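Q: quick one, structure for this:
(chains A and B)
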Number of protein chains: 2
Amino acid sequence: MLQGHQSWAFSKRPVIQSSATVVGPDEAKGPLVHDFDLVHGDMLLEQDSWEKAERKLMEEAAQLAMDKAGLTKEQIQFYVGGDLMNQIISNTFAARTLTIPYLGIFGACSTSMEGLAIGSLIMSTGSAKHVLVGTCSHNCTTEKQFRYPTEYGSQKPPTAQYTVTGAGAAVLSASGDGPVVTGATIGRVVDMGIKDPFNMGAAMAPAAVDTIQAHFRDFHREPGYYDLIVTGDLARVGYDIACEMLEKHQVPMHQTNYYDCGLMIYDLENQPVMAGGSGCGCSAAVTYGHIMKKLRKGDLKRVLVVATGALLSPLSFQQGESIPCIAHAVAIESRG
Amino acid sequence: MLQGHQSWAFSKRPVIQSSATVVGPDEAKGPLVHDFDLVHGDMLLEQDSWEKAERKLMEEAAQLAMDKAGLTKEQIQFYVGGDLMNQIISNTFAARTLTIPYLGIFGACSTSMEGLAIGSLIMSTGSAKHVLVGTCSHNCTTEKQFRYPTEYGSQKPPTAQYTVTGAGAAVLSASGDGPVVTGATIGRVVDMGIKDPFNMGAAMAPAAVDTIQAHFRDFHREPGYYDLIVTGDLARVGYDIACEMLEKHQVPMHQTNYYDCGLMIYDLENQPVMAGGSGCGCSAAVTYGHIMKKLRKGDLKRVLVVATGALLSPLSFQQGESIPCIAHAVAIESRG
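A: Residues are numbered from 1 along each chain as shown, chains lettered A, B, ... in the order given. Predicted coordinates for the structure are as follows:
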């Protein structure tokens, strides 16, 4: 299984037996609405706090993924999850409900692919038949925690991003039908000195480029190997910067389709989402909803998902620190 | 490598080539002072915030561990770390300094063994020559974040625990001298309904017992297999409860020495630490300092470290939630 310096090539390739996505009302107004399994019309999901609503999103996505795979929670050996909340409470409380042995992770919005990478690593050792991975975010919980009290309705610059209300989960299995996870590249923390938390796309773009370059170096591949490369949630500002940087570094991205989950999930012309989507739920909903559907249909054969994360905290920002960023890449391929 | 339902038995056993610990002034007054590599006389470590001091603890422990192994950071392929801070900033910023591909994790005080388990899993696949794992905590940062402003000096009940100021790190290598990691058991989230954040030992004890029982079931072992079993940081209250529960469940703990890191790091009679130590740094400093020293000397042959974590957040507490807890167990054995 030895691959390059910061990558894993899985010899036992885990099958993504099923995946499921649950989103809120804003995501339902976007172009991917038909790719989600469950759409909620309100932000509270009949809970008495946004935090409990976020947890419910995660629990529903996890349960739907298991239902689709025809598995009970007792048949799943490990759950790998995390989210943006302090002490990742959405996933921890979901793990309490699920009662599956649990590995909590944190990579901000890169958590989606960090979880899929670690879940696949567990599967690749043959030490589990089924592993569940998942992540989630909620617009109101993140606004409340990272920015201003939500009720303020404070204005934002056009470089800001809109946190996705959504959850995605996937069941990895040793056998069965579905696309397989073939490899993963674990990112380094990259920090180019950007301090503006309303411009996370610009902060995260260099991390995405660093990981994309590492992936091609480690796997001796070129972008043309993939039908589609998507970054996590760079949105409009970060995507443009990433394109420029990749060109400058002479990465032949013209060989493939390169897009960004933050640009895919909303209708940027008609929804008030500023530069685009963000949040753990963004790349999770796009990958486990939209992309998985296309892989299953045969419309896509090989996809590289490069989930990006801005690893700041409100406190690190207040103490004058710049924004450390990271990106983890996972290669998913259909077997058709 | 297939073991039981929630455990991994490593066929390629990673060597703990080196480990290092850095602590603050209170830990230096405890009985394990001679087991630490670096002792700081003040809580600020010449930084301008406690958070930066905590980060420095982590960076120093990581650097010392690499120095002891005779390795540079460029030779380490992955860093697995986490801590108690919101968005695990201590480890993220340390990872920025280290520039090693980074997997951020969160398991509250169980993070020490979650990191060692995941690091060992990576090593067991043969996909890395060297992996660094580490965690840290700081008394003042956790007090500030989880409880009251530190300057209040608010009184606490005797069931409360005192957060360790310390960091521990270890270098795992595919070959070399040192004890080996032979297996790990990943815990489930256990929540018995305790809501008092000043009695985390009682909240965490059932999670420790659940993981200990799972470990023996999965590995078909009895406690006598180990010279020493230590729980993470149950301290006085939680340790007594764990002993009672283990007896009730007829686990023959009399076969071994069972103790708790929260009882070992301080002089409980003469230091104002209430029920004992806690924090990510507690089990890390005891394991990577004291226990590793005894394993290397041959005073111990087989040790099971069961790090416990209380996965609450101030917000989940304020919203009336009880405390979800977890414990991860790692088996470390000398080869002498």
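Q: use CA for all of it now, contacts and neighbours both
A: Fine.
Q: close to chain B: what parts of the stretch 51-200 of chain A are there?
A: Counting by Cα under 8 Å from any Cα of the partner chain, the residues of the stretch 51-200 of chain A lying close to chain B are A:77-78, A:84-89, A:92-93, A:95-96, A:99-108, A:114, A:121-122, A:125-128, A:186-191.
Q: so which of these belong to strands?
A: If you go by DSSP state E, those have A:78, A:102-104 in strands.
Q: returning to what we had before: looking at the residues of the stretch 51-200 of chain A next to chain B, which are in helices?
A: A:89, A:92-93, A:95-96, A:114, A:121-122 (DSSP state H).
Q: one step back: just the buried ones from the residues of the stretch 51-200 of chain A next to chain B, in PyMOL syntax?
A: To isolate the buried members of these in PyMOL, using 16 or more other Cα atoms under 10 Å in any protein chain shown:
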select buried, chain A and resi 77+78+84+85+86+87+88+89+92+93+95+96+99+100+101+102+103+104+105+106+107+108+114+121+122+125+126+127+128+186+187+188+189+190+191
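Q: all strands of the stretch 151-300 of chain A, in order?
A: In the stretch 151-300 of chain A, the segments counted as strands under DSSP state E, counting those that start in this stretch are A:162-163, A:166-173, A:180-185, A:228-231, A:257-260, A:277-278.
Q: run me through the strand neighbours of the fourth one, direction for each.
A: In its sheet, strand A:228-231 lies beside strand A:257-260 (parallel), strand A:302-310 (parallel), with partners assigned from DSSP bridges.
Q: using PDB, list the CA coordinates for that strand.
A: What follows is strand A:228-231, C-alpha atoms only, in PDB (Å, rounded to 0.1, in the frame of the first residue of the first chain):
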ATOM      1  CA  LEU A 228     -13.500  15.600 -12.700                       C
ATOM      2  CA  ILE A 229     -11.500  17.300 -10.000                       C
ATOM      3  CA  VAL A 230     -13.500  19.300  -7.400                       C
ATOM      4  CA  THR A 231     -12.100  21.400  -4.600                       C
END
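Q: who's in contact with that strand?
A: The contact list for strand A:228-231 (Cα atoms under 8 Å, 6 or more residues apart in numbering or on different chains) reads A:208, A:223, A:256-261, A:300, A:302-308.
Q: can you give the distance of it from its chain's centre?
A: 12 Å (Cα atoms, centre = their mean, to the nearest Å).
Q: doesn't A:M200 make contact with A:P157?
A: No: the pair A:P157 / A:M200 is not scored as a contact, 11.7 Å apart, by Cα atoms under 8 Å.
Q: for the residue nearest to A:Q255 when sequence neighbours are not counted, give me its contacts.
A: Distances taken as Cα to Cα, 6 or more residues apart in numbering or on different chains put A:G224 closest to A:Q255, at 4.5 Å, once the chain neighbours are dropped. Counting by Cα under 8 Å, 6+ apart, A:G224 makes contact with A:253, A:255-256.
Q: and the residues you listed, which of them are buried?
A: Burial by neighbour count, judged by 16+ other Cα under 10 Å, picks out A:T256 from the contacts of A:G224.
Q: wait, which of the contacts of A:G224 is closest to chain B?
A: In terms of Cα to the nearest Cα, no member of the contacts of A:G224 lies closer to chain B than A:M253, at 23.4 Å.
Q: the closest one and A:Y225 touch, don't they?
A: No: counting by Cα under 8 Å, A:M253 does not reach A:Y225; the two are 10.5 Å apart.
Q: if we can go back for a sec, in JSON lines: the ones in helices among the residues of the stretch 51-200 of chain A next to chain B, plus pLDDT.
A: Below are these laid out as JSON lines (pLDDT from 0 to 100):
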{"residue": "A:I89", "pLDDT": "97"}
{"residue": "A:T92", "pLDDT": "98"}
{"residue": "A:F93", "pLDDT": "97"}
{"residue": "A:A95", "pLDDT": "98"}
{"residue": "A:R96", "pLDDT": "97"}
{"residue": "A:E114", "pLDDT": "98"}
{"residue": "A:L121", "pLDDT": "98"}
{"residue": "A:I122", "pLDDT": "97"}
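Q: just these now: which is nearest A:N139?
A: Distances from A:N139 to those, taken as Cα to Cα, are shortest for A:I89 (15.4 Å).
Q: contacts only, for the closest one.
A: For A:I89, the contacting residues are A:55, A:83, B:311-313, B:316, by Cα under 8 Å, 6+ apart.
Q: ranking those by neighbours, who comes first?
A: The most crowded member of the contacts of A:I89, judged by other Cα atoms under 10 Å in any protein chain shown, is A:D83 (33 neighbours).
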